[in-house]
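[1] Build me a model:
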Amino acid sequence: MPAPNMDVVVSLAKRRGFVFPSSEIYGGMGGFWDYGPLGVELKNNLKAAWWRSMVQLRDDIVGLDAAIVMNPRVWEVSGHVAGFSDPMVDCRNCKLRFRAEDLKGPPSEIACPNCGQRGTLTEPRKFNLMFKTHVGPVEDTASVAYLRPETAQGIFVNFDNVATVTRRKLPFGIAQVGKSFRNEITPGNFIFRDREFEQMEMEFFVHPLDEDKWFAYWVAERLRWWTDAVGVASDRLRLRPHDADELSHYSKQTTDIEYAFPMGWSELEGVADRTDYDLTAHSRGSGKSLTYFDEAAGDHVTPYVIEPAMGVDRGVLTMLFDAYEEQQLEREKRVVLHLKPLLAPVKVAVLPLLRNRPELVEIARRLAGDLRAALHAMYDDTASIGKLYRRQDEIGTPFCVTVDVDSLTDGAATIRERDSMTQERVALAQISGRIQDLVAGSAWTGTARPDEAAGDA
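    Presented below is the predicted three-dimensional model:
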């Protein structure tokens, strides 16, 4: 079973060093979060898995890293300056502001979600979500710039550059991972809705006649990635096509991949058919033709764009929720994160059975050093072996290696697998290779031990 509520995940994230409130010693700042030692590893592993799937394992997608601050004309032409806004309502009593789409009913008839007063909500007004900044030493209207609210526009304005240097033919894609910023009025649900967040977006440029085929392909492909590569349970994912009245101004069709969070089904990733909206807009705005020469037709066409886009932070939140399980063993409760080995922050922990035996500590530290050369390994001797196992279970470490007294005579150590709690005895010289194989997906051949089955390793 996944985590029962948001509080459980928030507590785990803070306690074990996944996510901290930003600027916490000064009271924090809503919508901003800092990733701790384990969180940054989990986040980087998710990004690496996406990049490998989207770019490195394909021959039709290349990468890009565009600037966060761009010429303000980019955002004027794209429609963000005029239209990137949410309808908001204000409470005249408590002075708080709310997203109109989160309210159940007309503002004039419902109570304020904060103070409970009726008849105090204003009619919805548009509120632009972009953060303004200034470029240069003088803060005037000519120096106004924006922190990007999405990474996609950096791809569109570089379409001609990338197409020229890579000599790509349709269809082809450009992928990007990077920070975006939105002045959300009501950030919340932990790291689900932030003001500073990271996106992974890919713009797939196709011939206009092929848009429906490629849209269906990417919807199916992205759903498959979440189940097969990340390991999210399929029964907690669903596809939700957008109704016509909720489509973005640039979209002809959009389908969200949603996850069953404790607060309800919510968007994890979106796949949008942006048609030729963006390339056409930037062609007009810049005066440079962003088209593609179709050799078969002997004419230039403006490609259509299929965009799979997701937030990295929501992906991390989904993994924490979905991998979480509380198991009631014979003598205690075990909390475990069933993260896939390639995504787990720590791949293996090396533990000496007795920290007051220098010869065991020496072997364990040397073994941890050997393992670090190939993957993220850690050494720990700060508690009893049972508590060390539970600590590693809770942060999702798939394998532990225990150096015990027998290691001094048989030259071997015990590998323990997280999910089954079974063990396998392996020669010290073969530990590193065996762990690398297991992380890569080799079959596990461990057997159960009575003390592990009782939860008192």
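
[2] Provide a list of residues in contact with residue 413.
    363, 367, 401-404, 407, 425-426, 428, 431 (C-beta atoms under 8 Å, 6 or more residues apart in numbering). Just so you know, the C-beta spots here come from the backbone N, C-alpha and C atoms, and that holds for glycine as well.

[3] Kindly report the same for residue 74.
    Residue 74 makes contacts with 153, 157, 282, as judged by C-beta under 8 Å, 6+ apart.

[4] List buried members of the contacts of residue 413 by neighbour count.
    Buried residues within these, counting neighbours by 16 or more other C-beta atoms under 10 Å: 363, 367, 401-404, 407, 426, 428, 431.

[5] Helices of the chain, residue ranges please.
    In the chain, the helices defined using DSSP state H lie at 6-16, 37-51, 72-78, 80-83, 152-156, 159-166, 211-225, 277-286, 312-323, 358-372, 385-395, 407-410, 431-440, 450-453.

[6] possible to save those as JSON lines with mean pLDDT?
    Formatted as JSON lines, the helices of the chain follow (pLDDT from 0 to 100):
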{"stretch": "helix 6-16", "mean pLDDT": "95"}
{"stretch": "helix 37-51", "mean pLDDT": "98"}
{"stretch": "helix 72-78", "mean pLDDT": "94"}
{"stretch": "helix 80-83", "mean pLDDT": "81"}
{"stretch": "helix 152-156", "mean pLDDT": "97"}
{"stretch": "helix 159-166", "mean pLDDT": "95"}
{"stretch": "helix 211-225", "mean pLDDT": "98"}
{"stretch": "helix 277-286", "mean pLDDT": "96"}
{"stretch": "helix 312-323", "mean pLDDT": "97"}
{"stretch": "helix 358-372", "mean pLDDT": "95"}
{"stretch": "helix 385-395", "mean pLDDT": "95"}
{"stretch": "helix 407-410", "mean pLDDT": "95"}
{"stretch": "helix 431-440", "mean pLDDT": "96"}
{"stretch": "helix 450-453", "mean pLDDT": "47"}
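
[7] I'd like to know how far residue 273 sits from residue 265.
    The gap separating residue 273 from residue 265 is 22 Å, by C-beta to C-beta, to the nearest Å.

[8] and those two? which has more neighbours close in?
    residue 273 (23 against 14; other C-beta atoms under 10 Å).

[9] so that one bridges to which residues?
    Following DSSP bridges, residue 273 is listed with bridge partners residue 253, residue 306.

[10] List the contacts of it.
    Taking C-beta under 8 Å, 6+ apart as the test, what residue 273 contacts is 211, 215, 251-254, 304-307.

[11] Identify the farthest-apart pair in the residues you listed.
    254 and 304 (13.7 Å; C-beta to C-beta).

[12] still on that earlier bit, distance to residue 109 for the helices of the chain - can I get that in CSV?
    Formatted as CSV, the entries for those read as follows, by distance: least, C-beta to C-beta, whole Å:
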stretch, distance to residue 109
helix 6-16, 29
helix 37-51, 42
helix 72-78, 36
helix 80-83, 28
helix 152-156, 38
helix 159-166, 47
helix 211-225, 38
helix 277-286, 36
helix 312-323, 32
helix 358-372, 62
helix 385-395, 46
helix 407-410, 72
helix 431-440, 57
helix 450-453, 59
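
[13] and residue 140, which of those is closest to it?
    Comparing those by C-beta to C-beta, helix 72-78 comes nearest, at 12.9 Å.

[14] looking at the helices of the chain, which is closest to residue 139?
    Of all the helices of the chain, helix 72-78 sits nearest to residue 139, with 14.1 Å by C-beta to C-beta.

[15] nearest to residue 127, of the contacts of residue 74?
    Nearest to residue 127 out of the contacts of residue 74 is residue 153 (C-beta to C-beta; 20.4 Å).

[16] Enumerate every residue touching that closest one.
    Residues near residue 153 by C-beta under 8 Å, 6+ apart: 70, 74-75, 78, 80, 278.

[17] which sections of this protein are below the confidence cut-off?
    85, 450-457 (pLDDT under 70).

[18] Domains in it, by residue range?
    Annotated domains of the chain cover 6-72+148-320, 336-453 [automatic domain parsing].

[19] from the middle of its chain, how far away would the shortest one be?
    Averaging C-alpha positions (C-alpha atoms, centre = their mean, to the nearest Å) puts domain 336-453 27 Å from its chain's average.

[20] likewise the first one?
    Distance of domain 6-72+148-320 from its chain centroid, counting by C-alpha atoms, centre = their mean, is 10 Å.

[21] show me the contacts for the closest residue to residue 206 other than its chain neighbours.
    Excluding the flanking residues, the one nearest residue 206 by C-beta to C-beta, 6 or more residues apart in numbering is residue 171, at 4.3 Å. The neighbours of residue 171, taking C-beta under 8 Å, 6+ apart as the test, are 60, 204-207, 210, 214.
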